[in-house]
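**Student:** Sharing a model prediction with you, sequence too.
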Amino acid sequence: MYGLALVVENDGPRVVFRYGFGVSQLAPEAVAKLFATKRGLRDVILEVEIDGVSYLSCPRSGTEESIEGPDLWEEEEEPKRLAFFNLVWCAVERVEALRATVRDASGALHHEETRCGYVSREAAILVATEGDVSAHLAASSLARELREVCETGAVRFNNWIQVGAPRDGDEDESYASYEALVLGDTPERIDAELPAAASPQLRAVVSAADPRRTFRDIADATGLGIERVYRIARHLVRWKRARVAAAVRDDAVYAVSPAAEVTPEMAPTLAAFGPARRFRDAVDDLRGKVPDPAKAVLKALADGSLRQLHTYAHRIEPAPSAGLEEAAAAVLARRRRRDYFLDEDDIDELPSGKHDDDALSVTTSSSNANDTPTAYDASRLLHVFKLLSPYFDGRHSLLDMSWREDVPLAEIHNVLHTFRGLVLTVQR
């Protein structure tokens, strides 16, 4: 978890704003005195470790005159400019990922202070505002921006300078709407660890997170855009308070992770899965053996003791042959509808929210009295087979194919069953 404090010097050093600084044992007075650095140490990144906590900053000197001239304020008199300010960050882990944000945020604030006295103006507001961090956030746009950059690593200061440095590649991490945010502890305990003035959106996502809920479900429950949910999820993953995995489903297959720590308490739960087993079957087997079977299995999933197995497709030939369409048409001609329709028990990778009846509606709607595939059925199956053919390389799960091409999983199963002479599937 990261925290920050804004130290300014104008008739003496002082801390005018702190957010998430609970990991530090230093009093505000000590922070102000320690990080009011001399001029010779300014404009470079400084790093110091105290009692296991790393502090990073890039101190900046103030400016006597504005580049745009003196007429910059709505008030008759411009607030006194700061002689110095320093945005101090603290962290207990992942310090390397923080250095770029420290440099960029400090540079952006220095630019805005030079251009229009933004830091001086907002610091004056913070000094004049009585109350806790919530009052500061309500009164100062800079306070809200500092909270944003602390939580997400990206912000636009003063609606002018964009700062968005990726932290160890996290911004490049792409999540899928069918995945879930799996918390490492209970929502109540994680919420208690958050700073008192943590974003309501962050608390809402923590409260809504559940191994059975997809990111889309969380977005619907919180009213947030899904991209915003992804950004908050990256933040929680970066804090090591959560991880991202495919949403838990009763029909999904799970196996014991090689890295699982088998304790006496966890042993019965893990033993119920054997080499690999469906979630619902393992829960049924645990009834009477553990107090709350579903809760015990979800706990094993949360700590990484269980992992979900996914189905992957491989072309039997390394690349589609020139006669792919003719071969596919021949396969279709040999199949009757009853051959390539799957029973409910055969469908083991339906995503949350997609029921069997909905997923099969595309093909069942065109059935006829003779129970023979219609021209539409054959055309649709051939179209989906050709659409998914690039993914038959063993690197894309069926869930991934469904998400990327917006094809129901039940229809993918139908296609794979129909063309099983051309494609084989493996589960791992």
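**Tutor:** Everything's here; your move.
**Student:** What helices and strands are in contact with the top helix by length along the chain?
**Tutor:** In the chain, with assignment by DSSP state H, the single longest helix is helix 99-116. Applying 3 or more C-beta pairs under 8 Å, 6 or more residues apart in numbering; DSSP states H and E, one finds that helix 99-116 contacts strand 53-57, strand 60-61, strand 84-91, helix 118-128, strand 154-157, strand 161-164. Just so you know, the C-beta spots here come from the backbone N, C-alpha and C atoms, and that holds for glycine as well.
**Student:** chain center to it: distance?
**Tutor:** Taking C-alpha atoms, centre = their mean, to the nearest Å, one finds the center of helix 99-116 at 27 Å from the center of the full chain.
**Student:** where does the stretch 101-250 of the chain dip in pLDDT?
**Tutor:** Within the stretch 101-250 of the chain, the set of residues satisfying pLDDT under 70 comprises 165-173.
**Student:** Run a quick neighbour tally on the closest residue to Leu286 other than its chain neighbours.
**Tutor:** Using C-beta to C-beta, 6 or more residues apart in numbering and skipping the chain neighbours, the partner closest in space to Leu286 is Pro293 (3.7 Å). Residue neighbour count, defined by other C-beta atoms under 10 Å, stands at 19 for Pro293.
**Student:** Give me the domain ranges for this protein.
**Tutor:** Domain segmentation of the chain under automatic domain parsing yields 2-164, 173-246, 256-309, 311-427.
**Student:** For stretch 86-93, buried residues please.
**Tutor:** 86-91 (16 or more other C-beta atoms under 10 Å).
**Student:** Likewise for stretch 95-110?
**Tutor:** Within stretch 95-110, the residues that count as buried by 16+ other C-beta under 10 Å are 95, 97-110.
**Student:** go on, stretch 239-249?
**Tutor:** Within stretch 239-249, the residues scored as buried using 16+ other C-beta under 10 Å are 239, 241-249.
**Student:** Please state the backbone phi and psi of the closest residue to Ser305 other than its chain neighbours?
**Tutor:** Leaving aside its chain neighbours, Ser305 sits nearest to Ala260 (3.9 Å; criterion: C-beta to C-beta, 6+ apart). Per-residue torsions, Ala260: phi -70, psi 140 (degrees, to the nearest 10).
**Student:** which residues of the stretch 201-350 of the chain fall in helices?
**Tutor:** Here the stretch 201-350 of the chain has its helices, by DSSP state H, counting those that start in this stretch, at 215-222, 226-238, 267-271, 279-286, 293-302, 324-334, 337-340.
**Student:** show me the contacts for the residue most central in space within the chain.
**Tutor:** The centre of the chain sits closest to Ala233, judged by C-alpha atoms, centre = their mean, with a distance of 2.9 Å. Contact analysis of Ala233 by C-beta atoms under 8 Å, 6 or more residues apart in numbering lists 175, 181, 205, 215, 242, 244.
**Student:** one step back: could I get the helices of the stretch 201-350 of the chain as JSON lines with distance to Val7?
**Tutor:** Shown next, in JSON lines, are those (distance: least, C-beta to C-beta, whole Å):
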{"stretch": "helix 215-222", "distance to Val7": "35"}
{"stretch": "helix 226-238", "distance to Val7": "24"}
{"stretch": "helix 267-271", "distance to Val7": "50"}
{"stretch": "helix 279-286", "distance to Val7": "52"}
{"stretch": "helix 293-302", "distance to Val7": "39"}
{"stretch": "helix 324-334", "distance to Val7": "67"}
{"stretch": "helix 337-340", "distance to Val7": "69"}
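**Student:** wait, what's in contact with the closest residue to Val248 other than its chain neighbours?
**Tutor:** In space, and not counting its chain neighbours, Val248 is closest to Pro211: 4.3 Å by C-beta to C-beta, 6+ apart. Residues near Pro211 by C-beta under 8 Å, 6+ apart: 180, 182, 245, 247-248, 298, 301-302.
**Student:** Return the member of the contacts of Ala233 nearest to Ile50.
**Tutor:** Nearest to Ile50 out of these is Ala242 (C-beta to C-beta; 28.3 Å).
**Student:** Show me what the closest one is bridged to.
**Tutor:** Leu183 (DSSP bridges).
**Student:** pretty sure it is touching Val182, no?
**Tutor:** Yes - contact status for Ala242 versus Val182: in contact at 6.1 Å, counting by C-beta atoms under 8 Å.
**Student:** what is in contact with those two at once?
**Tutor:** Residues touching both Ala242 and Val182 (C-beta under 8 Å, 6+ apart): Ala209.
**Student:** do you know how far the nearest residue to Ala276 once chain neighbours are set aside is from Ala245?
**Tutor:** Distances taken as C-beta to C-beta, 6+ apart put Ala255 closest to Ala276, at 4.3 Å, once the chain neighbours are dropped. Ala255 sits 13 Å away from Ala245, going by C-beta to C-beta, to the nearest Å.
**Student:** okay, and the common contacts of these two?
**Tutor:** Counting by C-beta under 8 Å, 6+ apart, nothing touches both Ala255 and Ala245.
**Student:** is it true that Ala247 touches Arg213?
**Tutor:** Yes - between Ala247 and Arg213 a contact is recorded at 6.6 Å, counting by C-beta under 8 Å.
**Student:** about what we covered before: show me the one of the helices of the stretch 201-350 of the chain that comes nearest Leu422.
**Tutor:** Nearest of the helices of the stretch 201-350 of the chain to Leu422, taken as C-beta to C-beta: helix 324-334 at 6.6 Å.
**Student:** Dump stretch 377-385 to PDB, restricted to CA.
**Tutor:** Backbone C-alpha positions of stretch 377-385 (Å, rounded to 0.1, in the frame of the first residue of the first chain) are rendered in PDB as follows:
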ATOM      1  CA  ASP A 377     -27.700 -24.700 -38.900                       C
ATOM      2  CA  ALA A 378     -24.900 -25.900 -41.200                       C
ATOM      3  CA  SER A 379     -24.000 -22.400 -42.300                       C
ATOM      4  CA  ARG A 380     -23.900 -21.100 -38.700                       C
ATOM      5  CA  LEU A 381     -21.800 -24.000 -37.400                       C
ATOM      6  CA  LEU A 382     -19.400 -23.700 -40.300                       C
ATOM      7  CA  HIS A 383     -19.200 -19.900 -39.800                       C
ATOM      8  CA  VAL A 384     -18.300 -20.300 -36.100                       C
ATOM      9  CA  PHE A 385     -15.800 -23.000 -36.800                       C
END
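**Student:** most neighbours per residue, which of the helices and strands packed on helix 99-116?
**Tutor:** Highest mean neighbour count among those (mean count of other C-beta atoms under 10 Å): strand 84-91, with a mean of 24.
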